[in-house]
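S.K.: Quick one, what's the 3D model for this:
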Amino acid sequence: PIPTSTPTPLPTFAPTATPTPPGFSVSLPAVFHVAAKQVAPGGSHTCALLSVGVVRCWGDNVQGQLGNGTTASSIQPVAVRGIGNVITLSSGTSHTCALLLNGTVRCWGDNVSGQLGDGTKTDATLPVAVKGLVGVTAIAAGKYHTCALLVGGTVNCWGAGAKGQLGDQFTEDRLAPVEVFAISTAVSVAVGDYHSCAALADGTVRCWGENTDKQLGFSGAFTSSFAPTEVPGVSGVVSVAAGARHTCALLVDSTLMCWGDNRSGQIGSGTAGIFSIPAPVKDVTSVASVSGGEKHTCARLFDGTARCWGANGSGQLGSATNTLSVTAVKVVNAANIIDLATQNNHVCAVLCWLAMGVTALRVGAQTAEVGWVTAQSKTNSSPPKWWASTLPWGFPAVVGTGVISNGTAPYGAGVFRLPTLLPRALVPYRMQL
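M.R.: Below you'll find the model as predicted:
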């Protein structure tokens, strides 16, 4: 049986000496010997898939997006109840979906437009089954809609449809999955705020939905497409990723092309402005995967490092500054990355160390206002909650007492060597197994 509650904790290991930044308090929780496999950040919540097929989530929970049967927000990971055998996750703005080993999908959280796919518009604090959906191989959750790639290459979508983002040639919300028109050889699917895209087996890309910022990859007066349309000027595509209003394609040669909204430099072309046709991302090669945020983009490279570009007001580029960049910058203090995902204004990644054969997860509690290297107080909460990300990719956060100073640069040089979620440390510590 799949566990639905937190296991009995093991004793906490004492950290070695790593300087504590002034004004920070440190609280280390019990350690659980469970490795993280994937992380899925949402708008103001984050979920992680563990190696045993269960899910932990943390952050905002007003609409049930933590999946634990409550609407109480949590600054540390809580177990998603009633779900197991999960093989992949995707989080939208305020909802999350999980693909199970049997090819079905469960979703939870915000359901205002039917994005949970259970036939209702009722928020769910526990996972609910997506109606009639089987044979799923990949999922992608957006702002108010969700899409799934099926065995055989078809795509189904559900949720908000006003901009044509469901691809069924209509503009109605769909409370259960509908098949995307004329897509039968898809190998990858991605969704943005109000648009969707699929990479096909022949290396081309089809997009549908909103086109106000040319996120569908073609110019013209029309602002939406209710059915998939081929993106011109791009070929050899193996996968696609979507930000809020921009899209990127990973090519067979491990380079990237992006298009759409570029007013913050999220296309990575070296200039700003809307791009109606795909443009190469400058100075980024050997890309293993790519993920789009609201106004920024990040890529995981085959050497285990990461590059990010675009908006950086919350430190989401991981560059130890708050400076916007129209070209890719290297994320500092991050290596051996095995999974990376970004959403809205924060980024998370799973990192691996070859230490005693274990993996570790560097994640933390974020809000939409806090990036991955920023520490600040969330003063509009009651009682006040302290949120921090003191190393790239949301290094574990903690509730603190006293004054926590803002900071865009990582503190210390220690890393966790733990096969676990460790969400309660404001500063890096080197832990010995």
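S.K.: Who are the packing partners of the longest strand belonging to the chain?
M.R.: When the chain is parsed with DSSP state E, its longest strand is strand 346-355. Judged by 3 or more C-beta pairs under 8 Å, 6 or more residues apart in numbering; DSSP states H and E, the packing partners of strand 346-355 are strand 36-41, strand 45-50, strand 337-343, strand 358-362. C-beta coordinates here come from the backbone N, C-alpha and C atoms, glycine included.
S.K.: Give the partner strands of the first one in its sheet and their orientations.
M.R.: Which is strand 36-41. Its sheet considered, strand 36-41 pairs with strand 45-50 (antiparallel) by DSSP bridges.
S.K.: Give the residue spans of this protein that score low on pLDDT.
M.R.: By pLDDT under 70, the low-scoring segments of the chain are 1-34, 353-433.
S.K.: hang on, the earlier thing: flag every buried residue along the longest strand of the chain.
M.R.: Within strand 346-355, the residues that count as buried by 16 or more other C-beta atoms under 10 Å are 346-353.
S.K.: got the angle for it vs strand 45-50?
M.R.: Using axes from the mean of the first three to the mean of the last three C-alpha atoms, to 10 degrees, the inter-axis angle of strand 346-355 relative to strand 45-50 is 30 degrees.
S.K.: quick one on the thing from earlier: identify the farthest-apart pair in the buried residues of strand 346-355.
M.R.: Distance extremes for the buried residues of strand 346-355: the farthest pair is 346 and 353 at 22.7 Å, using C-beta to C-beta.
S.K.: Identify the spatial nearest neighbour of residue 329, chain neighbours not counted.
M.R.: Excluding the flanking residues, the one nearest residue 329 by C-beta to C-beta, 6 or more residues apart in numbering is residue 319, at 4.5 Å.
S.K.: on that earlier part again, make a markdown table from the buried residues of strand 346-355 and add distance to residue 202 to it.
M.R.: Shown next, in a markdown table, are these (distance: C-beta to C-beta, whole Å):
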| residue | distance to residue 202 |
| --- | --- |
| 346 | 35 |
| 347 | 32 |
| 348 | 33 |
| 349 | 31 |
| 350 | 32 |
| 351 | 35 |
| 352 | 34 |
| 353 | 39 |
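S.K.: tell me how far stretch 119-129 is from the chain's mean position?
M.R.: 21 Å (C-alpha atoms, centre = their mean, to the nearest Å).
S.K.: Dump the helices and strands packed on strand 346-355 into JSON lines; add mean neighbour count and distance to residue 276 as well.
M.R.: Shown next, in JSON lines, are the helices and strands packed on strand 346-355 (neighbours: other C-beta atoms under 10 Å; distance: least, C-beta to C-beta, whole Å):
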{"stretch": "strand 36-41", "mean neighbour count": "24", "distance to residue 276": "29"}
{"stretch": "strand 45-50", "mean neighbour count": "27", "distance to residue 276": "33"}
{"stretch": "strand 337-343", "mean neighbour count": "24", "distance to residue 276": "24"}
{"stretch": "strand 358-362", "mean neighbour count": "24", "distance to residue 276": "37"}
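S.K.: Start from the N-terminal end of the stretch 201-350 of the chain and give the strands.
M.R.: 205-210, 224-230, 237-242, 246-251, 256-260, 275-280, 287-292, 296-301, 306-310, 325-330, 337-343, 346-355 (DSSP state E, counting those that start in this stretch).
S.K.: closest to residue 94 out of these?
M.R.: Comparing the strands of the stretch 201-350 of the chain by C-beta to C-beta, strand 337-343 comes nearest, at 10.6 Å.
S.K.: Now do that closest one against strand 306-310, angle only.
M.R.: Relative orientation of strand 337-343 versus strand 306-310 (the same axes, to 10 degrees): 20 degrees.
S.K.: Now do strand 337-343: which elements does it pack against?
M.R.: strand 36-41, strand 287-292, strand 296-301, strand 306-310, strand 346-355.
S.K.: Partner strands of it and their direction?
M.R.: For strand 337-343, using DSSP bridges, the partner strands are strand 346-355 (antiparallel).
S.K.: centre of the chain versus the partner strand, how much separation?
M.R.: How far strand 346-355 lies from its chain's middle: 14 Å, per C-alpha atoms, centre = their mean.
S.K.: mind saving the C-alpha coords of that strand as PDB?
M.R.: What follows is strand 346-355, C-alpha atoms only, in PDB (Å, rounded to 0.1, in the frame of the first residue of the first chain):
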ATOM      1  CA  HIS A 346      10.500  31.300  -8.900                       C
ATOM      2  CA  VAL A 347      12.500  28.300  -9.900                       C
ATOM      3  CA  CYS A 348      13.200  24.900  -8.400                       C
ATOM      4  CA  ALA A 349      15.500  22.000  -9.200                       C
ATOM      5  CA  VAL A 350      16.500  18.600  -8.100                       C
ATOM      6  CA  LEU A 351      20.200  18.100  -7.600                       C
ATOM      7  CA  CYS A 352      22.200  14.900  -7.300                       C
ATOM      8  CA  TRP A 353      25.400  14.300  -5.400                       C
ATOM      9  CA  LEU A 354      27.500  11.200  -5.800                       C
ATOM     10  CA  ALA A 355      27.700  10.800  -2.100                       C
END
